[in-house]
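1. Provided below for reference: sequence and predicted model.
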Amino acid sequence: MYYNVFGEKISKRRFKEMCDAAKNRRELIAAGLTSRRDLVKMGLLTAGGMLVAKSGLSARAQSVTLSPNPNPTGPSIKTNQPPSSGSNTSPGTNQNCVPGNQLASPKTRPFIQPLPIIPIARTVPSLSPTPTEDPNLAAGEVRAAPHQAPQIDATRFPVVPGTLYQFTQKQFTTSFSPDLPNQVMWGFDDGTGTRSPGPTYKAFYGQPQLTRNINALPSITQSNNTGFGMASVTTHLHNAHNPSESDGNPCDFYPAGHFCDQYYPNVLAGFNSTNAPNGDINEALATLWYHDHRVDFTSQNTYKGLVGFYCLFNQLDTGDENTGFHLPSFPQFDIPLVFNDKVFDPNNGELVFDLFNLDGILGDKFLVNGVIQPFMVVSPRRYRFRLLDTGPSRFYEFFLTGNVGGTGSPTTNPFFLIGTDGNLIPVPVQVNSVRIGPAERVEVIIDFTNLAGQTLYLENRLNQLNGQGPVAVDSQLFPQNDPSNTECSVVLASNTPAVKPAGAGDLILQFQVTGPKVADHSLAPSKQKFYSLPSTTDTPRIVRTFKFDRLNGQWSVNGQFMDCNTFRFTVQQNSVERWLLTNLTGDWTHPVHIHLEEHQILSRNRSAPTVPADKGRKDVTQLHPNERVELFFRFRDWLGKYPIHCHNVVHEDHAMMALWHVEPTGDNVQVP
Amino acid sequence: MMNDISRRKFLSLTAAAPLAPLVAGPLAASVLENAAFGKSSTAPVAVTLSEKARQRIQQQHLPNIPLINHEGKQVLFYDDLIKNKAVTLNFFFTNCDEVCPLVTANLARVQKLLGNQVGRDIHMYSFTLKPEEDTVEAIRKYRQSYGAGPGWTFFTGKPADIETIRRAIGFSYPDPAVDKDKTQHIGNVRYGNEPLMLWSACPGMANAKWIAETFEWMVHPEQSRVQPS
């Protein structure tokens, strides 16, 4: 059996045509027929940059023996439009986004497996050998420095805190779909078995904890490698206000047979500076995640499974709907969801990673919590969902779509946005959709109370065709192409990426509202009020500028490249800074992540942010083509080394990163 | 160029078959003929996951096509240059006055830092993007002018073959117009350990000391690199 990108059965002849098409596009360009104008003139390339659906040219063009495109009224890229979901026998297999002529993954049946609920990580009573303040080199520990927290307050932050974990990184075998062979992956074992996504930490402010993070991945030999991944690791706790030696710096990687004791103080920012001794409650974090951060190999290692959630609770965000903010109870009605997209070998169904990609990698299979297109039975009540996009390079715009395949059109159902990058925003906002890029998180409340008996979908309607991101602007407006533009200010063209109609996107997670009617003690989001935003009016000690660019294919920050031996600037401990991020790449979106402290977006292109998700506290900011974004920071409490980087992990692995550090005295480098 | 051939003729050419096979490996055809997943394979011997992955990488990215080195010797890209080796791959052309001189001079610094590891543990390869202009003599002189030592080999070849390698190792832009402009060619250095299937890339203009260090990681991947904060 052969299948095309839409999951439809095709003939062997058509399959070969698809294979040929992939080559033909490369050959076309190799043959010197590379001018966009020429190709457009010839009718071979649409204005949108896609090859027309000429049989044998586009891997996604339908063979002449198949029925014509069912959606002839679509936009210029209509030749890539999948059949509408109404007529598609496999809702959710609309894969409009297979990149660069790659063959489609084998067909998988959607919504036949339940959503895996990630188990809560298990603590251990003790660790052997006992954790030490200095790195225990003799026992095989590798750590960049002694733990900072016990040096600040050994009573509050004992070297051996009350909550201990032992996470072992191991290879294991898992199934993403009964229609694919079992896959060899890497995951985390808390003592109950290896899994990916790893176990979810349930952490509490005021309860410091330590994880002994052991690398027990297979040694690096030919027979151990399954095609990608580097068994040399460093685990970053994304968005944690953590001391640098426990941050999981990309340069602090270690091989199998070693471990790192990572100390997570679970303390609010400002605890040892602006808001001593307890920190600022308005800096409370909720949804963090951990992932491998090995320099140059992060994309491969996260794709291979080294990711997991870290949910942080406090006296307001309690995890119990009867107390505090009365948010739906964790974990029954508060569900972490890890989204990622992958590609499988069309011949044998094995997981494939494109090792030779510089731009960004898209998959045509969508996984939630480690399973392709699962379903979830929910009760007619409110749920809190924590959405995480682990990339590598995909942006999503999620809608809650109903009435798929029924009479009439699919519906768009509103829901409430309650958090951005895992932080509760001041007041929930009712939205029709949320957009999320690599490494970002959004939290939503979906109320299924009045949807009993229905089937709904989390649907990604965002158009993205390659690693550039979802946005297309006129490349004539590159600021670097205008010599008179000395200020490098940006001129925005159409910054509106194409969003597909309801039901025409990728149906990724199915909700079956057939669960029993159960009590709901959570508070309606329309009546909720969370934290205030910290003030951003303090005068910055310094304003720094970071230009994200591509120099001859080399991803750069201020014209320089990642280098583990060079710190580009020094932030002064407990100071305020403003950072200007500028995107000089006219057709790329860079999700920029900064470690240690959260930021707030003061402006996009000199205007106040308008999108609800931009108004909260962030640790990743999407830097759209030709954009200039102004961020407000307070760098507090901890010392040491941290990075700023693009979190399209393929860009990150190709040097779009810079190291900096925090010291008692800062420098005055404005363009690091 | 396009004006010389009719659109119809062009389409008939491209629709029928690839203009030239991208993959020259012996397994390419059999993979395409193989039954899709779910059907039993006719392969008589069980091939391990690792071996299959290595074959897939070779088929997709490391074509076994002929090149000529700066000494005029003909070699095969996969068999002679890549197979069972740790390598670095980058592109240049001799009359390039923008990115190439910076990258080539930088790689010369990297080679000095790596010392006698180059040629023994790490093989450095540079390929001209303008093989129609860059003769064996031209690349030999270019190589000499940068003081490249033993273990760093420069190559020319048939334009179509060089182009195949460039695309196979992912050194292309999504925008064909940009991709055609050789002054904007990819300045990265692909590095990899073929038998271990460790592949990544770094900017050719990055700090030489750091590039040298990353190259060493692919030869000695089982060391830790944790340095004081």
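-> Happy to help now that I have it. Numbering: from 1, shown residues only, chains lettered A, B, ... in the order given.

2. is it true that B:Met205 touches B:Pro101?
-> No: if you go by C-beta atoms under 8 Å, B:Met205 and B:Pro101 don't touch, sitting 10.6 Å apart. C-betas here are computed from N, CA, C, even on glycine.

3. of those two, which one has the most company?
-> Counted by other C-beta atoms under 10 Å in any protein chain shown, B:Met205 and B:Pro101 do not tie: B:Met205 has more neighbours, with 23 against 14.

4. can you tell me how far that one is from chain A?
-> Going from B:Met205 to chain A by C-beta to the nearest C-beta, to the nearest Å gives 6 Å.

5. need the residues of the stretch 101-250 of chain A near chain B, please.
-> Counting by C-beta under 8 Å from any C-beta of the partner chain, the residues of the stretch 101-250 of chain A close to chain B are A:106, A:142-145, A:179-181, A:184, A:219-228, A:230-232, A:244-245.

6. what pLDDT does the closest residue to chain A within chain B get?
-> Closest approach between chain B and chain A, counting by C-beta to the nearest C-beta: B:Ala53, at 3.0 Å. We note a pLDDT of 93 for B:Ala53 in this prediction.

7. can you classify it by secondary structure?
-> Using DSSP: H, G, I helix; E, B strand; the rest coil, the structure places B:Ala53 in helix.

8. now do the same contact list for the residue nearest to it when sequence neighbours are not counted.
-> Ranked by C-beta to C-beta, 6 or more residues apart in numbering or on different chains and with sequence neighbours excluded, the top spatial neighbour of B:Ala53 is A:Gly227, at 3.0 Å. For A:Gly227, the contact set (C-beta atoms under 8 Å, 6 or more residues apart in numbering or on different chains) comprises A:350-353, A:355, B:49-50, B:52-54, B:56-57, B:197.

9. and which of those residues is nearest to B:Gly72?
-> Distance ranking of the contacts of A:Gly227 against B:Gly72, using C-beta to C-beta, places B:Ile57 first at 29.7 Å.

10. helices along the chain, start to end?
-> Using chain A here. A:12-30, A:36-41, A:149-152, A:298-303, A:649-653 (DSSP state H).

11. oops, chain B please
-> Using DSSP H, the helices assigned to chain B run over residues B:7-16, B:28-33, B:49-61, B:99-114, B:136-145, B:159-168, B:176-180, B:208-219.

12. how many degrees apart are the third one and helix B:159-168 in direction?
-> In other words, helix B:49-61. Put simply, helix B:49-61 runs at 130 degrees to helix B:159-168, going by axes from the mean of the first three to the mean of the last three C-alpha atoms, to 10 degrees.

13. circling back to that earlier point, what's the neighbour count on the residue of chain B closest to chain A?
-> For B:Ala53, using other C-beta under 10 Å, the count is 24.

14. for chain B, what helix or strand is lowest in average pLDDT?
-> Of all helical and strand segments in chain B, the minimum by mean pLDDT, DSSP states H and E falls on helix B:28-33, at a mean of 30.

15. burial count for B:Arg167?
-> 20.

16. pLDDT score assigned to it?
-> The model reports B:Arg167 with a pLDDT of 90.

17. please report how far it lies from A:Phe353.
-> According to C-beta to C-beta, to the nearest Å, B:Arg167 stands 18 Å off from A:Phe353.

18. can you tell me which of the helices of chain B has the worst average pLDDT?
-> The weakest mean pLDDT among the helices of chain B belongs to helix B:28-33, with a mean of 30.

19. what comes up buried for stretch A:397-417?
-> A:397-404, A:410-413, A:415-417 (16 or more other C-beta atoms under 10 Å in any protein chain shown).

20. let's see which of those residues end up in strands.
-> Within those, residues falling in strands by DSSP state E are A:Glu397, A:Phe398, A:Phe399, A:Leu400, A:Thr401, A:Gly402, A:Thr411, A:Thr412, A:Asn413, A:Phe415, A:Phe416, A:Leu417.
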